[in-house]
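Participant: Have a look at this prediction, sequence included:
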Amino acid sequence: MGSPKTKDLILAGDIGGTKTHLGLFQRGKRRPTPRVVETYPSSEAPDLETMIRRFFNDHPVSVTGACFGVAGPVEKGRSVLTNLSWTISENKIKRDFKWEHVRLINDMTATVRAIPLLTSLEVASLGKGSLVTDGNIGLIAPGTGLGMALLIQTKNGYVPVPSEGGHADFGPNDEVEVELWQYLNQRLGHVSAEKVLSGGGLFNIYSWLRDSGRFPEPDWLAKNLREKDPAKVITEAATDQEDPLCTEALNRFVVIFGEAAGNLALMGNTTGGLYLGGGISPKILHKLEEGMFLEAFSNKGRFREFLRRVPVRVILNDKAALLGAAHEAFVS
């Protein structure tokens, strides 16, 4: 990217439990244009303000406003992040940086806002659903946690509806999933959807399969799980080594993912598309394309045919939430 110009620049942020993306954007003809984007491990700073100062030390320009998508509920301009020990406040950021316009929005609101701005190269289609151009849009996004959101079509355009649906109950759909629920309930108490549909959730499914005695755990796999990111290890072992324990864990994850996505599509009447976001979805695209996901997605009794018509797409742009936050900064 070229050097930023100070005219009409805004700062956008996507603040997650694992990574923080910060970027400078200008207005574009169709969508905001990024001039500079930086990515930092969220754990490297005690708060967002420290991360912003680091960014502007590297890119000393003025901005006309800022918008941050944050991984947690936003109430009265304030958010306590769910999977990161940060408390973020619009008023504090305004005071610290002397900015007049600052907005906090949920990160899923930011992502779902970006969906109408994405190009065909930034999504991958699953199945043959037919897009309704004026229909509602849904988003389900497993990553560090599990996010959900809706984009509701009105006569005045789209209205985003944030959600904390990832913390709603995990509902078993067959006897095998009942066993999974019982295993997690005994160890964790309340079993939310996030406890099975997230990076940690994939490891929970793996642990249940291992502890149930269904599959042995090879020594090399146990060592890798201790030393590396478990979700990445399981996914790679399922794909490359074809380890049966990891393969079954990933298969079950995909089925539960499809079930949850189908539920969201029904609740939001998402004839405009159900989108799969987050850090995990594009990394398991090959698995999502195998058919298990769409079968679980549409397996809703009398509404099977309705769901088969709903287009399902995987978001490939890992900066979609940042783009959505930039869009909100310009329109608000």
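Facilitator: It's in.

Participant: how much space between Thr133 and Gly145?
Facilitator: The gap separating Thr133 from Gly145 is 31 Å, by CB to CB, to the nearest Å. Every C-beta, even on glycine, is put in place using the N, C-alpha and C of the backbone.

Participant: and those two? which has more neighbours close in?
Facilitator: Neighbours per residue (other CB atoms under 10 Å) separate Thr133 from Gly145, with Gly145 holding more: 28 against 9.

Participant: So Lys92 sits against Ile52, correct?
Facilitator: No: counting by CB atoms under 8 Å, Lys92 does not reach Ile52; the two are 11.1 Å apart.

Participant: which of the two has more neighbours?
Facilitator: Ile52 (20 against 16).

Participant: Please confirm that the more buried one is located within a helix.
Facilitator: Yes: counting by DSSP: H, G, I helix; E, B strand; the rest coil, Ile52 is found in a helix.

Participant: List the contacts of it.
Facilitator: Leu11, Gly13, Leu22, Ile93, Phe97 (CB atoms under 8 Å, 6 or more residues apart in numbering).

Participant: Out of those residues, list just those in strands.
Facilitator: Mapping the contacts of Ile52 onto strands (DSSP state E) picks out Leu11, Gly13, Leu22.

Participant: ok, now which ones touch Leu307?
Facilitator: Gly262, Ala265, Leu266, Phe297, Ser298, Lys300.

Participant: now, which of those lie within helices?
Facilitator: Gly262, Ala265, Leu266, Phe297, Ser298 (DSSP state H).

Participant: Among these, which one sits closest to Val161?
Facilitator: Proximity of the ones in helices among the contacts of Leu307 to Val161 (CB to CB) peaks at Ala265, which lies at 14.2 Å.

Participant: For the nearest residue to that closest one once chain neighbours are set aside, what are phi and psi?
Facilitator: In this structure, Ala265 finds its nearest non-sequential neighbour in Leu274, 4.5 Å apart by CB to CB, 6 or more residues apart in numbering. The phi and psi values for Leu274, taken as degrees, to the nearest 10, are phi -110, psi 120.

Participant: Wait, Leu274 touches Asn263, no?
Facilitator: No: using CB under 8 Å, Leu274 is not in contact with Asn263; the gap is 10.3 Å.

Participant: okay, those two: which has more neighbours?
Facilitator: Neighbours per residue (other CB under 10 Å) separate Leu274 from Asn263, with Leu274 holding more: 25 against 20.

Participant: before we move on, the earlier item: as JSON lines, the ones in strands among the contacts of Ile52 with pLDDT and distance to Phe68 would be great.
Facilitator: Output for the ones in strands among the contacts of Ile52, formatted as JSON lines (pLDDT from 0 to 100; distance: CB to CB, whole Å):
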{"residue": "Leu11", "pLDDT": "98", "distance to Phe68": "8"}
{"residue": "Gly13", "pLDDT": "97", "distance to Phe68": "4"}
{"residue": "Leu22", "pLDDT": "98", "distance to Phe68": "9"}
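
Participant: Need those residues in TSV (columns: distance to His59 and neighbour count).
Facilitator: Output for the ones in strands among the contacts of Ile52, formatted as TSV (distance: CB to CB, whole Å; neighbours: other CB atoms under 10 Å):
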residue	distance to His59	neighbour count
Leu11	10	27
Gly13	13	28
Leu22	9	26
